[in-house]
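Novice: Let's see this in three dimensions:
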Amino acid sequence: MEEDMCLVGMSCMDNNSVDAYCSGTILEVTKGLVLTHASILYNSLSNESHLFKDLHNSSHVIGSRYFPDAKAIVTFQPKKVNETTKSVSNNGRFHTEILNCSNSQTTPSLAHYPADILGVFRVDEFAKTLQHLMPNSEGWKFWDTSLEDHDIDDAKVNLLLPCFVLLKLQEWCFEKETNTVTRPRGMLQSGTPVYAVGTPFGGLSPQVFLNSVSQGIICNTSGSLILTDARCIPGMEGGALFTHDHHEKRKLIGIIVSSLCWKNNEWIGLAIVCALPAIVHTLKLSLVSPHDRVQSKQDVVPHLAQAMNCVVLVKVGAMWGSGVIIDSSEGILLTCSHVTKEASSRRVKVRIGLGNQGTLWHDARIIYRSPSGGVFDLALLQLDGHQKRLPAFDGRKAACGIAGDECFVIGHALYGDEASLRPSVMAGVVSNVTRVNNIPVMIQTTCAVHGGASGGALVSSTGKLLGIVICNAKDTQTGASYPHVNMSVPLVTVWPTIQQYLKTKDASVLEHLNIQSNAVTSLWALKTTEPFTEYRSKL
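Specialist: Down below sits the predicted model:
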């Protein structure tokens, strides 16, 4: 894996210093073709330059005339020793002792190759999807929002985001044992495990960070755009996103485009990836056969498919959230009370995706809604005119989970009905289960939770419903949000009450969901009942 990845440094000035770094991926090992992201050109690109103007008018700019003084250096990591079989012989001495007394200490060796810039190109299909799903007008940013606005040129960022740079290595000697990157076959599936490979922080310390690996899943796809929760750090742009087939053979599925992503100054915690076939198609290189093209049709991995079908989009006016179907014959679903807070003056609409049968909209009425400030922020809805039998979670199989368990959050995060996307899937683990009198009252996870996911499903690795997603954490003083710190109401705690309603249809029993407990209220308000010193910043 490491032999096909690299670090690209570029200087477009007539000096020996490097202006910018990005990760890189070998597209064609026999020809020494390396692909990196065009953000590497940001520091050297002027709004008045020919390249800037020509990229606006053409999807493919070829020729060294745009880079008369440019110098590119590509850094590789030599093949690693097989760490599973190679061990250090210390002859009974501590490793630290050997390191301290050694006079021949060396840092990991790196191989450097000069490279020619063949051209810059824009993936138009990807650019259109970006503009549709993440327009600047809706508060999307792809750089560190902690920087002052005058430090960032939005026009350059937006121009370079769907663009890539193709390089050709000089003095490149192809070695047969180097692994050739394989290509994906079939559809990209939400929930598929993936791993990202790149160099965090660019040229900061390649001996430490070169070709670092992080793991996650595909959260959602639209055309050639892939969203993943695999950890990506600035400098990993141009790096690769891989998956494995049933034979554990790796497959390159895309190139990392943006590691930082904000909406309305809220960090999203997802990385943006451009699917490989769209890049290759733009390049017009015969690296991928028509049968190997990644289809734009969305699919999900089998163990999450049923769970995703049970999650719906709940819309009240212009606001939306998620909901979870818990009774298929009666069309009853759980969501958050705050998702329906505008329902007194507006209708509640529910969008249900039924696969090959298309998408259906239903009106819904509120059976129960927790009062403002209620501990468990829940609402129970019933679809009007419901006739079809719907996929639903079986509450009798509800579980709670324990710290460290793998889990997934499924919900319509970030995108409403106008995007026509299926629910997104975020992976993580149960980080804590808070109990009062040994009864679970809150489940905390590391899954990335964003606006729109409220009312969605927290499920186990086997697809069992663990809880209803309520919120993520937010600093009320700075406004900073923490997507990977989030809370859900445990289903096992509220299910007996809901089950009694489903049997009796007596709505008064649902009042038991309005918990009257100072201890539980304090926990959900993130207030301490212990004599600890309180921090000034409140969540």
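Novice: which outside residues touch the longest helix seen in the chain?
Specialist: In the chain, with assignment by DSSP state H, the single longest helix is helix 491-504. Applying Cβ atoms under 8 Å, 6 or more residues apart in numbering, the contact partners of helix 491-504 are 326-327, 330, 332, 334, 367, 376, 378, 380, 395-396, 398-400, 439-441, 465-468, 506-507, 509-510, 512-513. Placement of C-beta: from N, CA and C, glycine included.
Novice: I'd like the average pLDDT over stretch 202-219.
Specialist: For stretch 202-219, mean pLDDT is 90.
Novice: and it, how far apart are its ends?
Specialist: 26 Å (Cα to Cα, to the nearest Å).
Novice: what's the answer for stretch 35-43, then?
Specialist: Criterion Cα to Cα; first-to-last residue distance in stretch 35-43 is 19 Å.
Novice: List the buried residues for it?
Specialist: For stretch 35-43, burial by neighbour count (16 or more other Cβ atoms under 10 Å) applies to 35-42.
Novice: Flag every buried residue along the following helix or strand past the longest helix of the chain.
Specialist: Next helix or strand after helix 491-504 toward the C-terminus (DSSP states H and E): helix 518-524. Across helix 518-524, burial judged by 16+ other Cβ under 10 Å covers 520, 523-524.
Novice: Closest one of those residues to Met10?
Specialist: When these are ranked by distance to Met10 (Cβ to Cβ), Trp524 comes first, at 50.3 Å.
Novice: so that closest one touches Val436, yeah?
Specialist: No. Proximity of Trp524 to Val436 does not meet the contact threshold set by Cβ atoms under 8 Å, at 10.7 Å.
Novice: Confirm for me that Leu334 is in contact with Leu380.
Specialist: Yes. Applying Cβ under 8 Å, one finds Leu334 in contact with Leu380, separated by 6.1 Å.
Novice: So between these two, which is more surrounded?
Specialist: More crowded of Leu334 and Leu380, by other Cβ atoms under 10 Å: Leu334, with 28 against 24.
Novice: Tell me who's in contact with that one.
Specialist: Contacts of Leu334 (Cβ under 8 Å, 6+ apart): 323-324, 326, 378-381, 455, 468, 498.
Novice: helix, strand or coil for it?
Specialist: Following DSSP: H, G, I helix; E, B strand; the rest coil, we place Leu334 in the strand state.
Novice: I'd like the buried residues of helix 518-524 as JSON lines, with pLDDT and distance to Leu502 appended.
Specialist: Listed next are these as JSON lines, based on pLDDT from 0 to 100; distance: Cβ to Cβ, whole Å:
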{"residue": "Val520", "pLDDT": "92", "distance to Leu502": "24"}
{"residue": "Leu523", "pLDDT": "88", "distance to Leu502": "28"}
{"residue": "Trp524", "pLDDT": "90", "distance to Leu502": "25"}
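Novice: Met134: which of those residues is nearest?
Specialist: Nearest to Met134 among these is Trp524, at 32.2 Å by Cβ to Cβ.
Novice: Quick check: the closest one vs Val489, distance?
Specialist: Relative to Val489, Trp524 is positioned 9 Å away (Cβ to Cβ, to the nearest Å).
Novice: Now for the two: what residues contact both?
Specialist: The contact lists of Trp524 and Val489 share Met442, where a contact means Cβ under 8 Å, 6+ apart.
Novice: From the contacts of helix 491-504, which land in strands?
Specialist: 326-327, 332, 334, 367, 380, 439-441, 465-468 (DSSP state E).
Novice: Tabulate those in a markdown table, adding columns for distance to Leu161 and pLDDT.
Specialist: Formatted as a markdown table, the ones in strands among the contacts of helix 491-504 follow (distance: Cβ to Cβ, whole Å; pLDDT from 0 to 100):
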| residue | distance to Leu161 | pLDDT |
| --- | --- | --- |
| Ile326 | 41 | 95 |
| Asp327 | 44 | 94 |
| Ile332 | 43 | 95 |
| Leu334 | 38 | 97 |
| Ile367 | 45 | 95 |
| Leu380 | 42 | 96 |
| Ile439 | 48 | 93 |
| Pro440 | 43 | 94 |
| Val441 | 43 | 94 |
| Leu465 | 37 | 95 |
| Leu466 | 36 | 96 |
| Gly467 | 36 | 96 |
| Ile468 | 35 | 97 |
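Novice: Can you classify Asn486 by secondary structure?
Specialist: Asn486 ends up strand, using three-state DSSP.
Novice: Also Val157?
Specialist: Following three-state DSSP, we place Val157 in the helix state.
Novice: Which pLDDT value goes with Val338?
Specialist: I think there's a mix-up here, since residue 338 is His and not Val. Reading off the confidence values, His338 has pLDDT 95.
Novice: show me the contacts for it.
Specialist: 321, 377, 454.
Novice: if you set the cut-off to 10 Å instead, what comes out?
Specialist: 319, 321, 369-370, 372, 374, 377-379, 454-455, 470-471 (Cβ atoms under 10 Å, 6 or more residues apart in numbering).
Novice: Closest one to His303 out of the residues you listed, please.
Specialist: His303 lies nearest to Gly455 out of the contacts of His338, by Cβ to Cβ, at 22.1 Å.
Novice: correct me, but the closest one touches Val316?
Specialist: No. Using Cβ atoms under 10 Å, Gly455 makes no contact with Val316, being 11.3 Å away.
Novice: Which one of these two is surrounded by more residues?
Specialist: Neighbour tally, Gly455 and Val316, criterion other Cβ under 10 Å: the higher count belongs to Gly455, 31 against 19.
Novice: got a list of what the closest residue to the more buried one other than its chain neighbours touches?
Specialist: The shortest distance from Gly455 to any non-neighbouring residue, by Cβ to Cβ, 6 or more residues apart in numbering, is to Thr335 (3.5 Å). Listed by Cβ under 10 Å, 6+ apart, the contact partners of Thr335 are 312, 314, 321-324, 348, 350, 364, 366, 369, 377-381, 454-456, 468-469.
Novice: distance of Thr335 from Ser488?
Specialist: The gap separating Thr335 from Ser488 is 13 Å, by Cβ to Cβ.
Novice: again with Asn158
Specialist: Counting by Cβ to Cβ - Asn158 and Ser488 are separated by 36 Å.
Novice: cool, and His512?
Specialist: Using Cβ to Cβ, His512 is found at 19 Å from Ser488.
Novice: With neighbour numbers in mind, choose between those two.
Specialist: Taking other Cβ under 10 Å, His512 and Ser488 do not tie; Ser488 has more neighbours (23 against 14).
Novice: mind listing what the closest residue to that one other than its chain neighbours touches?
Specialist: The shortest distance from Ser488 to any non-neighbouring residue, by Cβ to Cβ, 6+ apart, is to Gly467 (3.5 Å). Gly467 makes contacts with 324, 334, 398-401, 407, 409, 430, 433, 440, 442-443, 445, 456-459, 487-494, as judged by Cβ under 10 Å, 6+ apart.
Novice: Show me what Gly467 is bridged to.
Specialist: Leu458, Pro490 (DSSP bridges).
Novice: re earlier: find residues that contact each of Thr335 and Ser488.
Specialist: Shared contacts of Thr335 and Ser488 (Cβ under 10 Å, 6+ apart): 456, 468-469.
Novice: Now the residues you listed in TSV, please, with extra columns for distance to Ala196 and neighbour count.
Specialist: Shown next, in TSV, are the shared contacts of Thr335 and Ser488 (distance: Cβ to Cβ, whole Å; neighbours: other Cβ atoms under 10 Å):
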residue	distance to Ala196	neighbour count
Gly456	25	33
Ile468	30	28
Val469	25	31
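Novice: residue ranges of the helices in this structure, please?
Specialist: For the chain, applying DSSP H gives helices covering 50-57, 95-101, 124-133, 154-160, 206-209, 276-283, 302-309, 491-504, 518-524.
Novice: nearest to Asp229, of those helices?
Specialist: Closest approach to Asp229 among the helices of the chain is made by helix 302-309 (13.9 Å; Cβ to Cβ).
Novice: Tell me, what's the model's pLDDT at His244?
Specialist: Here, the pLDDT recorded for His244 equals 74.
Novice: Do I have it right that it meets Thr192?
Specialist: Yes. Shown here, His244 and Thr192 form a contact pair, counting by Cβ under 10 Å, at 9.3 Å.
Novice: and those two? which has more neighbours close in?
Specialist: In terms of neighbours (other Cβ under 10 Å), Thr192 is the more surrounded of His244 and Thr192; the figures are 21 against 13.
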